[in-house]
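**Q** sequence? don't have it. structure:
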């Protein structure tokens with residue numbers, strides 16, 4: 001599907017560049033698995049949160065488009081926080097994430113094999129009851145040796161468009 005989109009973009013004269021060719025993006029638009037009133041996000045249920053975070057951080061403006069079912073008062077109510085870890089660090093990461101109040105579960109494919117990210121790492125889906133202090137948890141997770149990235153996006157989103165039966169809301 002992505003390849004088809006690139007072919008169509010070229011047909012329309014829209015230039016396609018890699019991040020190596022254009023390290024600074026004017027705009028990045030994406031979805032989210034959860035979004036709170038402070039524009040903090042949980043992303044990565046598709047498994048690409050590390051790359052998505054690099055794209056978001058490379059953009060002057062990062063905009064989220066989501067359905068109203070993704071909008072929550074406090075993060076962690078509907079989905080786990082994915083944490084990408086290097087294989088060697090898996091036991092330590094599980095121990096430290098548990099100490100932070102998570103119930104980490106190794107993500108698996110439909111064949112029960114460990115899910116492998118584009119970067120060759122594993123994902124722990126970390127279930128929290130709720131995440132009232134997203135910025136503090138973001139820092140605590142990133143400080144664990146062996147964590148390559150995580151699905152908490154704090155301070156990256158400039159605007160969110162929330163669509164629901166009542167219409168569009170701009171945050």
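**A** Perfect, I can see it now. Keep in mind that what you see is a predicted model, and the values were worked out from it rather than measured.

**Q** strand partners of the top strand by length along the chain, parallel vs antiparallel please.
**A** When the chain is parsed with DSSP state E, its longest strand is strand 59-67. According to DSSP bridges, strand 59-67 forms sheet pairs with strand 25-30 (parallel), strand 159-164 (parallel).

**Q** just checking, what packs against the following helix or strand past the last one?
**A** Downstream of strand 159-164, the next assigned helix or strand under DSSP states H and E is strand 167-170. Strand 167-170 makes packing contacts with strand 159-164 when contacts are defined by 3 or more Cβ pairs under 8 Å, 6 or more residues apart in numbering; DSSP states H and E. Backbone N, C-alpha and C define where each C-beta goes, glycine included.

**Q** got a list of contacts for the strand it packs on?
**A** 32, 35, 39, 61, 63-71, 168-171 (Cβ atoms under 8 Å, 6 or more residues apart in numbering).

**Q** what kind of secondary structure is residue 82 in?
**A** Of the three states, residue 82 takes strand according to DSSP: H, G, I helix; E, B strand; the rest coil.

**Q** and the pLDDT at it?
**A** At residue 82, the model reports a pLDDT of 98.

**Q** relative to residue 112, how far out is the nearest residue to residue 129 once chain neighbours are set aside?
**A** Spatial nearest neighbour of residue 129, excluding adjacent residues (Cβ to Cβ, 6 or more residues apart in numbering): residue 76 at 6.7 Å. Residue 76 is 26 Å from residue 112, where distance means Cβ to Cβ, to the nearest Å.
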